[in-house]
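K.L.:
Mind folding the following:
(2 chains)
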Amino acid sequence: MVNELTKGIFKENPIFIIMLGLCPTLAVSTQVVNALGMGAGVIFVLLGSNIFISLLKDFIPEKVRIPAYIVIIASFVTVVDLVMQAFAPSVSKNLGVFVKLIVVNCIILGRAEAFASKRSLSESLLDAVGMGIGFTLGLLLISLIREVFGSGTITLFPFGGFDGVIRIPGLATQPARVLALSSGALLIMGYLKAFFNWMELRREEARRWPAVPLAAPAKSETASSSARSAS
Amino acid sequence: MTYVGIIITFVFINNFILTQFLGLCPFIGVSRKTDSAVGMGFAVIFVMSLAALATWAVYRLILVPLNVAYLQTISFILIIAALVQLVEMVIQKISPPLYRALGIYLPLITTNCAVLGIALIAVRSDYAAMESFVAGIAAGLGFLLAIVVMSNLRERMDREWVPKPFRGVPIAFVTAGLMALAFMAFDKALLKNLLG
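P.N.:
Sure, this is the predicted structure:
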């Protein structure tokens, strides 16, 4: 059961491993606050649609299931869009057309088709939360890199006397501006994906050749070197 | 804005893939071979221009008079899904060779965010019917341009040595990033210089 929750965060991270929902990921990752807003919207829509589809799976005829899913998803997206316009107008303005485009975010339809239409309500719920958090974390990672190095700031919500923008000394005056531009998003995505591939390759290598025979001589070497230094 | 202005804007300045990040999934997924990239590109032009026109009609003639503009997301996605289905059936009847060339790409287009994107952007920019249609064609042309250039680059890259973790998708992203950097040369000043 816990596995349903955690797999979306690491093992099947929607952005870096199964690579779904890339368009909004790259477009809204210019500021941390946008990433948080987008993540919240996606989690809400994912939860709503997974719950509804899991409940209605026995009533929806097989042939029209995709249009039915799309209508359910679009209804939740409309709710998110209207709520965001009312309570977070600045975030809604930054995200622009991408709030409405959550409808065609492949993560949501993908989870509906691959998971919620087959599993029980509780499992779909956990799957939605896990996938949503995984998506938000991936988005946060990209937007942190882009905003910190691209503009030298971290933009959060303003509260009290704090205007919501953390300026990083040194970087704020001379940022690597290319990272804040559209090409920076594509470059960062490529390098991050390569990094995750590299980690996966290393893990595979470790599985194929267990580290025991390698570790043993290394240990004796350090032992002998320490013995040498002692003498 | 004039039609020429709209075309230049959507093909070069606001290229859907490289500056707006709309339609990245097919851009990465179908850009391995030039043949399929060309097929996908034309299918997208076709659907996008029709979708822009159809959603304009529904928005201006049905949603706005009835005062239910907030239903645009739901109605647009249904229109696009129905339109793709219709286009598929019509092409299958009228021109089997064209269907064989484009057929497999059409179902994929329903969830292509570029199509819903152009519908929403056209409504947001208050385009008239003809302007929406031209914007749809232009955005599709921009998609075709980006995906064909990308597939050419990827075909060449297949013959080169690439570090193992970068093989496949990551190097495609890095390449797209460099392409986007090149497209930065096209900005609003270009439009001003050309059209005065």
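K.L.:
avg pLDDT for the helix or strand encompassing A:Ile43?
P.N.:
Using DSSP states H and E, A:Ile43 maps to helix A:32-56. Helix A:32-56 comes out with an average pLDDT of 91.
K.L.:
in the helix or strand bottoming out on mean pLDDT in chain B, what counts as buried?
P.N.:
Across the helices and strands of chain B, mean confidence by mean pLDDT, DSSP states H and E is lowest for helix B:106-109: a mean of 74. Residues of helix B:106-109 classed as buried by neighbour count (16 or more other CB atoms under 10 Å in any protein chain shown): B:106, B:108-109. To be clear about C-beta, it is placed using only N, CA and C from the backbone, and glycine gets the same treatment.
K.L.:
Specify which member of those residues is nearest to B:Ile171.
P.N.:
Distance ranking of these against B:Ile171, using CB to CB, places B:Leu108 first at 22.8 Å.
K.L.:
Counting neighbours, what do you get for the nearest residue to the closest one once chain neighbours are set aside?
P.N.:
Using CB to CB, 6 or more residues apart in numbering or on different chains and skipping residues adjacent in sequence, the residue nearest B:Leu108 is B:Pro26, 6.2 Å away. B:Pro26 has 24 neighbouring residues, counting by other CB atoms under 10 Å in any protein chain shown.
K.L.:
Now do A:Glu4: how many residues are near it, please.
P.N.:
Other residues within reach of A:Glu4 by the criterion other CB under 10 Å amount to 19.
K.L.:
Show me the contact partners of the host helix or strand of it.
P.N.:
Counting by DSSP H and E, the element that carries A:Glu4 is helix A:2-6. Applying CB atoms under 8 Å, 6 or more residues apart in numbering or on different chains, the external contacts of helix A:2-6 come out as A:123, A:126-127, A:129-130.
K.L.:
Quick one: distance of the helix or strand following it to the chain centre.
P.N.:
In the C-terminal direction, the helix or strand that comes right after helix A:2-6 (DSSP H and E) is helix A:22-27. Shown here is helix A:22-27, whose average C-alpha point lies 10 Å from the average C-alpha point of the whole chain (CA atoms, centre = their mean, to the nearest Å).
K.L.:
Over to stretch B:175-193?
P.N.:
Taking the mean C-alpha point of stretch B:175-193 and that of its whole chain, the gap between them comes to 17 Å (CA atoms, centre = their mean).
K.L.:
wait, does that stretch make contact with chain A?
P.N.:
Yes: taking CB under 8 Å from any CB of the partner chain as the criterion, stretch B:175-193 and chain A are in contact, through B:175-181, B:184.
K.L.:
Okay, buried residues for the helix of greatest length in chain B please.
P.N.:
Of all the segments assigned as helix in chain B under DSSP state H, the longest by residue count is helix B:129-157. Of the residues in helix B:129-157, B:131-151, B:153-154 count as buried by neighbour count, 16+ other CB under 10 Å.
K.L.:
Let me know the next secondary structure element after the helix holding A:Ile43.
P.N.:
Scanning forward in sequence from helix A:32-56 by DSSP H and E, the next helix or strand is helix A:65-87.
K.L.:
For the very next helix or strand once past that next one, buried residues please.
P.N.:
Sequence order places helix A:89-95 as the next helix or strand after helix A:65-87, per DSSP H and E. For helix A:89-95, the buried set under the neighbour-count rule, 16+ other CB under 10 Å, comprises A:91-92, A:94-95.
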